[in-house]
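Visitor: below: sequence and its predicted model.
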Amino acid sequence: MLRFLLKRKIIVGLFITLIFGLGFYGVTNLDKELFPSVTFNQTLIVIETEEMPAEDVEQFVTIPVEQVLENTKGVDSYESTTSTNDTFFIVDLENDNSNAVSKEIENEINGLTNELYGVKNVTVMQASTQGQYEFFMDISGGTLKEMSDFASDIVKPRLEALKEVNEVAISGLEEKEITITLKPKQLETYEITQEDIISAIEQSNTNTSIGSFKREEGDPSLRWNTKFNNINDIKAIQIQTNEGMKKLLDFANVKEETSEQTNVAWKNGNPEFLLLQIGRSNGFTQIDMAEAIRAEVEKIEQEHDNHLQIEEIAAQADYVTSAIDGVTSNILIGGIIAVIVLLLFLRSFRATFIIGLSIPASVLLAVITMTFLDYSFNLLSLVGLGLGIGMLVDASIVVLESIFKKKEEGYSNVEAVISGTKEVVGAVISSMLTTIVVFVPIVLLDDEIGKMMIVLTVVIAVTLISSVIVAFTLIPVLSENFLKARPKKVGKLNLIGKYGRIIEWLTKKKRRRLGVLTLFILLFFSSFLLLAKIPMTLMPDILNRYAEVIVELEPGVSTDDRAEIALKMNEVLEEIPDVDNNVILDNTGAFIALINMTPEEEKTMDQDKINEQILDKFQALESDFPVKSVGAAMDGTINPPIGLRVSGENITTLQTIAEDVKEELEKLESIKSVMVQNGESAEEVLIELNESNMNEDNISAPHLYMNILEKFTDTPVGEMVVNGNSVPILVKNDQNIHEKQDLLDNKIMTVDGEKKLSNYISLKEASSQLQIDRSNGKRYISITADMEGQDLGAVNREINKIIQVLDIDRGYTVELTGDLEEQQKAAQDLVIIFAISLFLVFVVMAIQFNSLKHPIIILFIIPLTITGVLIGLFISQKELNIMSGIGVIMLIGIVLNNGILLIDRVRQLRNNGLDVNEAMVNAAQERIRPIFMTTLTTVGGMLPLALATGTSSDYQSPLAVVIISGLLFSTFITLILIPAVYLLFEDIGNGMKRIFRRKKSVVQVTARSEAQ
């Protein structure tokens, strides 16, 4: 193949031209987003019910839905939170065919809820990384009417007309309503009931077809239209009474009012603004939408020069751009560092140019593949490209260095290319395969994390394959005539010569080899002492001078209390340095705080410190306000650092166990703010019916219920369309019932005249649960806590000790949840992945070498690489998390490359007739230069990622630190330990041969003696 390409270089030239053309097209056309678009194996179910207590919702709705989920194939587990008037399910699905399972669940639930009591609305959706809204703005500076008209009539329709925008939701609009407040005394005078008034209003507000005239031309229909056009139409409604027809105004006051506003958001503590939440259309990126919105808003402001202000609150696109720009610049800097390293080693501009050309060629080939895979430029895919920058030149360096060496030895141009490439082809392909196969087990990671990480690993694999294709096409073709090499100088004592002396020293005596191995083993075990001093977490933060925090409230918090909490949250944020502005959204059961910080160039404090202060100060509100929990928001969920779950049937037993666990946790110095979420209850007044009196006066329970209901609620009786806007019409009862006795003294019409309600009902105080948590059909109580002064790993070990010694009843369990559970599961997954990866690379090397001995020798590098990783994380104090764990798995493939390169050359030299010691010394001297070059280019390429700060640095930095420290240490191991272990295996083999020879000689001597 090489000879063919060398004769027809135009093929390679056209191939590279095509790569550059298609690659640049892909760069400009690939979508850009913060995270890859991933649909998770999880379904969310929200069921809203009529007014009923949580226990009834649990019995009539939650448990029947659980039975459906239990019988649905493909459902792994499920959890539910049942509250007054609703229930919420999180359903985890099995990996196989999760989309179809989610659809089946949707169909089953929709079919079931038609049969369930009290169900009003059902929402079933599959969880994904895509949020409903990704651009937030506000309108302020005017009266509520001015802002509402401007937002509804101009801004919303203009933005929704953009093809990039799917939906614009406006919160806080002024809303009109027609209120009909009845006069009880007038109703009594004319013997009119509220039902009579409602019926008359509904019949008057009618627009319907009555019939048609069949014999008329065109069969015209006969229409009755008495729809209300204005408030006067309502006032003029005629009501039939015992004294003839009367107007509605005789029985009620009719007014058009602005509906009572419930604050939905506060901007820097001020609720006087409108919030616009904007979602994008399919096929467009967040950046596309942001650019279109900003351009359109600029036009609106120019066309409507009023005192109203339109300001941005947060745009997901800005964080996408910032993250992508940061990673892209790190990739470019890494590529420049890699080229500089090559220039220093090769001391040849021509050789450096050849390798430098392979970098963009490999990257663009990877981009082309990403285009076909329908991937996007996102945080993970760009980190994958950044990590690949250092590694993608490895194959090119090995091939070029081998050709360069042959030219130094005097080979002709063609033979140098053929011989040099053939010499390393096996090692290069084997190295690539070992690096790629380590990623295969990544699919075993937790569904949510695994689906995200698969993008990272696929991009790295694609980059490496691209680099090998370029290494075996572009590098040989350019090296034939363009690469120049001077004859090799013999006898010069340099680094290579000194290293050869060390290997010679190892070959002399067995105890030296054993000493080296023992030293490394001691170093390996002692390095685990550093583990306790390395910070641990599950997933890294995205530091982008923006934060989202969820403050979950206790059930049943009043409107006034919610406003007070929101204002207090704003006060807290104003006290924290570098917090620029904030918007607090009221999301029914919780507040979501959108917090913008001062730009990076103006900061006085790092964001992780600001985040810590925000969480600490918000958590301090729990002592004075009905705040349930506080956590950083990611996709709308709260994940407490420490969480435990007590599961079982009896709520009293659950509460007892939970309090015992709480006591034990509070004894730990590293744990604070321990809270038991034991299902809050609320005081209620229960209506008890006097059925004997009801039967005596012929009063039915439904009639009594409607009569009482009317006294406490506004009854909707239709709507009126004014200027294209729908205005609801409500009937109110002008009665003040603020105490229990007020209700009992109220009168109801019977056949014997009016009688007090106390004749038919009595009131009894009771309590009911406001929230019931269930998991896989069992009730549970949650325990949450925060920590300080220690990392998750240390706290995890302490809490596990507590759980193990707990004395709990049979049928009840205590288990970890929150970040602790996720960290444990992730750690277990990573260990399994690590073991499978080791096995896969062993298989690849065994096939490559056709030997079990050589792969075992090379695998000696792996455990000792961990030492380098721990040292690197300890010195840098970077977190051990999912990203750094992925880095450890990547190292398996990367660090083996040097060992493969060395052992492969030893094997070639021994096949050429050299003894083991001479072959080892020569191979070590020949391979030290490419090993150093590949190591330093990889380290140089990843150095900007390791030193990165700001946006997305916590995703890049730990992973890069792991690879850099592990690779540098493993290179040292490869150059010293691998020769020592290889020679020790030879010693063992020679010893075994001597034993078998001795046994054979003894057998032969014995046989001769017996024969004599």
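Guide: Here it is on my side, so go on. Numbering: from 1, shown residues only.
Visitor: check for me that V674 belongs to a helix.
Guide: No. Counting by DSSP: H, G, I helix; E, B strand; the rest coil, V674 is located in no helix; its state is strand.
Visitor: if we ignore the residues flanking it in sequence, what's nearest it?
Guide: In space, and not counting its chain neighbours, V674 is closest to A785: 4.4 Å by C-beta to C-beta, 6 or more residues apart in numbering. Any C-beta I mention is one placed from the backbone N, CA and C, and that applies to glycine too.
Visitor: sec struct for that neighbour, please.
Guide: strand.
Visitor: that one - how many residues pack around it?
Guide: 23 (other C-beta atoms under 10 Å).
Visitor: which residues pair with it across the strands?
Guide: I642 (DSSP bridges).
Visitor: and it, what is it in contact with?
Guide: Neighbour list for A785: 640-643, 665, 671-675 [criterion: C-beta atoms under 8 Å, 6 or more residues apart in numbering].
Visitor: and for I610?
Guide: Counted by C-beta under 8 Å, 6+ apart, I610 has contacts 547, 576-579, 597.
Visitor: who wins on neighbours among the residues you listed?
Guide: M597 (24 neighbours).
Visitor: unless I'm mixing things up, that residue is touching P577, no?
Guide: No. M597 lies out of contact with P577 (C-beta atoms under 8 Å); the separation is 9.4 Å.
Visitor: K247 contacts T241, doesn't it?
Guide: No. If you go by C-beta under 8 Å, K247 and T241 don't touch, sitting 10.5 Å apart.
Visitor: more neighbours: which of the two?
Guide: T241 (17 against 13).
Visitor: got a pLDDT number for the closest residue to the more buried one other than its chain neighbours?
Guide: Nearest residue to T241, sequence neighbours excluded (C-beta to C-beta, 6+ apart): Y190, at 4.1 Å. As predicted, Y190 sits at a pLDDT of 78.
Visitor: tell me both backbone torsions, phi and psi, for Y190.
Guide: Phi and psi for Y190, reported as degrees, to the nearest 10, are phi -100, psi 10.
Visitor: could you verify that E51 is part of a strand?
Guide: No. Using three-state DSSP, the assignment for E51 is coil, not a strand.
Visitor: got phi/psi on it?
Guide: phi -60, psi 110.
Visitor: and it, how many neighbours?
Guide: Around E51 there are 11 residues (other C-beta under 10 Å).
Visitor: what is the burial count for N698?
Guide: 10.
Visitor: state the distance from the residue nearest to it when sequence neighbours are not counted to N693.
Guide: Once flanking residues are discounted, N698 sits nearest to V751: 5.9 Å by C-beta to C-beta, 6+ apart. From V751 across to N693, the span is 13 Å (C-beta to C-beta, to the nearest Å).
Visitor: please say which of those two ends up with more neighbours.
Guide: Shown here are V751 and N693; by other C-beta under 10 Å, N693 has more neighbours (15 against 7).
Visitor: am I right that the more buried one is in contact with Y760?
Guide: Yes. Because the distance of 5.4 Å satisfies C-beta under 8 Å, N693 is recorded as touching Y760.
Visitor: which residues do those two both contact?
Guide: I699.
Visitor: in a strand, V646, correct?
Guide: Yes. Counting by three-state DSSP, V646 is found in a strand.
Visitor: contact partners for the closest residue to F150 other than its chain neighbours?
Guide: Using C-beta to C-beta, 6+ apart and skipping residues adjacent in sequence, the residue nearest F150 is L308, 5.5 Å away. L308 is in contact with 139-142, 146-147, 150, counting by C-beta under 8 Å, 6+ apart.
Visitor: where's L308 relative to E160, distance?
Guide: 19 Å.
Visitor: same check, this time on S782
Guide: 41 Å.
Visitor: next one: stretch 800-813 to chain centre, how far?
Guide: For stretch 800-813, the separation from the chain centroid amounts to 32 Å (computed by C-alpha atoms, centre = their mean, to the nearest Å).
Visitor: and stretch 811-820, by the same measure?
Guide: Using C-alpha atoms, centre = their mean, the offset of stretch 811-820 from its chain centre is 22 Å.
Visitor: isn't D714 right next to L730, touching?
Guide: Yes. Counting by C-beta under 8 Å, L730 is a contact partner of D714 at 4.4 Å.
Visitor: need the overlap of contacts for the two.
Guide: Contacts common to D714 and L730, judged by C-beta under 8 Å, 6+ apart, are T179.
Visitor: more neighbours, the two?
Guide: L730 (18 against 15).
Visitor: what's the next secondary structure element after the helix or strand where the more buried one lies?
Guide: For L730, the host element (DSSP states H and E) is strand 725-733. Sequence order places helix 740-745 as the next helix or strand after strand 725-733, per DSSP H and E.
Visitor: show me what that following helix is packed up against.
Guide: Applying 3 or more C-beta pairs under 8 Å, 6 or more residues apart in numbering; DSSP states H and E, one finds that helix 740-745 makes contact with strand 761-769.
Visitor: what comes up buried for stretch 244-262?
Guide: 246, 248, 251-252, 254 (16 or more other C-beta atoms under 10 Å).
Visitor: then stretch 67-80?
Guide: Neighbour-count burial for stretch 67-80 [16+ other C-beta under 10 Å]: 68-69, 72, 74-75, 78-80.
Visitor: out of those, which comes closest to A338?
Guide: If you rank these by distance to A338 using C-beta to C-beta, G74 comes first, at 46.9 Å.
Visitor: can you check what pLDDT the model gives the nearest residue to that closest one once chain neighbours are set aside?
Guide: Leaving out its chain neighbours, the residue that sits closest to G74 by C-beta to C-beta, 6+ apart is V101, at 3.6 Å. Looking at V101, its pLDDT is 87.
Visitor: next, count neighbours for Y760.
Guide: When neighbours are counted by other C-beta under 10 Å, Y760 comes out with 24.
Visitor: report the separation between it and Q238.
Guide: Taken as C-beta to C-beta, the span from Y760 to Q238 is 33 Å.
Visitor: surely F35 meets L380?
Guide: Yes. The pair F35 / L380 is scored as a contact, 6.9 Å apart, by C-beta under 8 Å.
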